[in-house]
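Colleague: Just a sequence and a predicted model for now, questions to come.
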Amino acid sequence: MPLALTPNKKITNNMTATLILESGKSGSICRRHLWIFAGSVAALKGRARSGDMVIVEDERGAMMGRAAWSPESKIRARMWTFDPDETIDHAFFKRRVAQAIARRAGWSVLRGEQPEPAGERLIHGEADGLQGGDCRSLWRYGGVTAHQCRGRCVA
């Protein structure tokens, strides 16, 4: 059963805030670590609510990507993308979901002997680049899907 996503829906944030990293804390982002811990944040310029997309900059103002803001967590932001030019919109999520499902579709070992498994994981948040909204996983059980989420989710 294919997932239905509404086309052309923009996820907008009128006042995009900028997360400024502490001096010397950009190395983990350069190594593609997905999490930005509270101790790595020097400042947040602008206003952001939990789950909002923020621009991530190093201490010199170089843009490093975009992340989901989580002010109440010790993990203050979770990277959506390390590409500063990538837009976080409906098409972004549609691509990531389609890639996740396609990646697992060919894994016959997950299906066992059954053409249609009793249950299968379609999405695993961090492994599939969908960690920013605290979304953990999406499972399919026959014709029903179940979404595991912690906190405020987007997409």
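Modeller: Thanks, I have the structure now.
Colleague: Confirm residue 100 sits in a helix?
Modeller: Yes - Residue 100 sits within a helix when classified using DSSP: H, G, I helix; E, B strand; the rest coil.
Colleague: What about it, how many residues nearby?
Modeller: Residues near residue 100, counting by other C-beta atoms under 10 Å, number 21. Quick note: C-beta positions are derived from backbone N, CA and C, even for glycine.
Colleague: How about the contacts made by it?
Modeller: 122, 123, 124, 127, 128, 129, 130 (C-beta atoms under 8 Å, 6 or more residues apart in numbering).
Colleague: which two from these end up farthest apart in space?
Modeller: Greatest spacing in the contacts of residue 100, by C-beta to C-beta: 122 and 129 (13.9 Å).
Colleague: Tell me if I'm right that residue 141 and residue 119 touch.
Modeller: Yes - between residue 141 and residue 119 there is a contact under C-beta atoms under 8 Å: 4.6 Å.
Colleague: Lowest-confidence one in the contacts of residue 100?
Modeller: Lowest pLDDT of the contacts of residue 100: residue 129, 71.
Colleague: ok, now how distant is that one from residue 80?
Modeller: Remark: distance between residue 129 and residue 80 (C-beta to C-beta, to the nearest Å) = 7 Å.
Colleague: Comparing those two, which residue is more hemmed in?
Modeller: Higher neighbour count among residue 129 and residue 80: residue 80, with 25 against 19, using other C-beta under 10 Å.
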